[in-house]
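>>> Here's a sequence, model it:
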Amino acid sequence: MKNITVIGAGISGLALIKQIKANNIDRNITLIEVNDYSFSKKELLIAPEKINNKIKLSEWAENNKVKFIKDKVERINIKRGKIYLKYGETRDFEELVAASGLKSKKLEIKGEHREGIFYLSEITPFNLKNLLKISSDVVINVSTFLGIKLSLILRSLGKEVRIISSNLSFLGEYEPAVIRLLDTKGISLYLNSSIEEAVGEGLIKATKISPLKVFPSQLIFIDSGFIPNRDFFEDEVSIKETFFTDYENIHLLGDVNKLEIENELFFISNHNEAKKQGQVLGEFFSGNEIPEYIRPDTDENNIKMIMDNILKEG
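As a prediction, this is how the structure comes out:
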């Protein structure tokens, strides 16, 4: 039995490890994650002022008899079986599972290094929670349904919210109704616009957009769409079938194996699918035949359901 190295302590990575352990399979497992805690991104977007169900990874790993390494993966050499970390020593691997999730598409925003600006894939919950306590004005760059949802939640917390977007055409037939809802909620909408600069010194104090306007803001959220977070591989890794790649010992798990993720706009089943994928791959590593895995459809009925709900509940 080969040892397994898992990169990423999100829903899919932890579900994979739990499934292997539940099957009482004696495998040495190493978990590499840059953060101390694992938390649900879905819950964070629903309630950004709270941090519920966070998992302290050092304790979780000890309880599950897993070796935990808190570090960032800089690069992976597949042919040599080497993982190069930012701070720690180079690691060897036999079986490797990249459950590294998504990263936001980068935009050209001057001052994006300042504190108070968050790409959705890079939200640090503890820092955000503190900033929300002292923030009254929020600017959100919107290009997917996640940005719309976040704007409504932050408005319900009493924040002054401004949406910046090139367009909301991704909403399809629901665009006029959503615009009316935003207006009813007192959320300012600036279409055919983009964020140019986060203005400030340490903390941001204002947001400059194009066409030229400047707003007070202590927080900026960038909903720019996503791409798979797997560019740490030195050699190109191609997906053969869901979890499997053109390298026998390299597996991709969760959102990182979705070929069409760049076109995803509503993210209806990502949370549940990530957990299910972890369980399925866990069965495979436990020595069982891998069950047939069928991805859930993002069909019009599902989109209609979530849009009807958000328009109804506001």
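>>> Tell me how far the residue nearest to the spatial centre of the chain lies from residue 183.
Centroid check for the chain by Cα atoms, centre = their mean gives residue 121 as the closest residue, at 4.2 Å. In this view, residue 121 and residue 183 are 29 Å apart by Cβ to Cβ, to the nearest Å. Yep, even glycine has a C-beta here, placed from its N, CA and C like the rest.
>>> Which residue is the nearest non-sequential neighbour of residue 25?
Distances taken as Cβ to Cβ, 6 or more residues apart in numbering put residue 286 closest to residue 25, at 4.6 Å, once the chain neighbours are dropped.
>>> same question but for residue 21, I mixed them up
residue 64 (5.6 Å).
>>> and if you look at residue 237?
Once flanking residues are discounted, residue 237 sits nearest to residue 245: 5.0 Å by Cβ to Cβ, 6+ apart.
>>> who's in contact with that neighbour?
Neighbouring residues of residue 245 by Cβ atoms under 8 Å, 6 or more residues apart in numbering: 237, 238, 239, 251, 252.
>>> And it, its phi and psi?
phi -120, psi -180 (degrees, to the nearest 10).
>>> roughly how far apart are it and residue 77?
15 Å.
>>> again with residue 125
Residue 125 is 33 Å from residue 77, by Cβ to Cβ.
>>> do the same with residue 115
From residue 115 to residue 77 the distance is 35 Å (Cβ to Cβ).
>>> which SS class is residue 174?
Applying DSSP: H, G, I helix; E, B strand; the rest coil to residue 174 yields a three-state assignment of helix.
>>> thinking it is in contact with residue 306, fair?
No: assessed by Cβ atoms under 8 Å, residue 174 is found out of contact with residue 306, at 9.8 Å.
>>> Out of the contacts of residue 245, grab the one that's most surrounded.
residue 252 (26 neighbours; other Cβ atoms under 10 Å).
>>> Quick check, pLDDT for that one.
Looking at residue 252, its pLDDT is 97.
>>> Give the other helices and strands that the lowest-mean-pLDDT helix or strand in the chain contacts.
When the helices and strands of the chain are compared on mean pLDDT, DSSP states H and E, helix 41-46 comes out lowest with a mean of 74. When contacts are defined as 3 or more Cβ pairs under 8 Å, 6 or more residues apart in numbering; DSSP states H and E, helix 41-46 packs onto helix 145-156.
>>> Perfect, that will be all.
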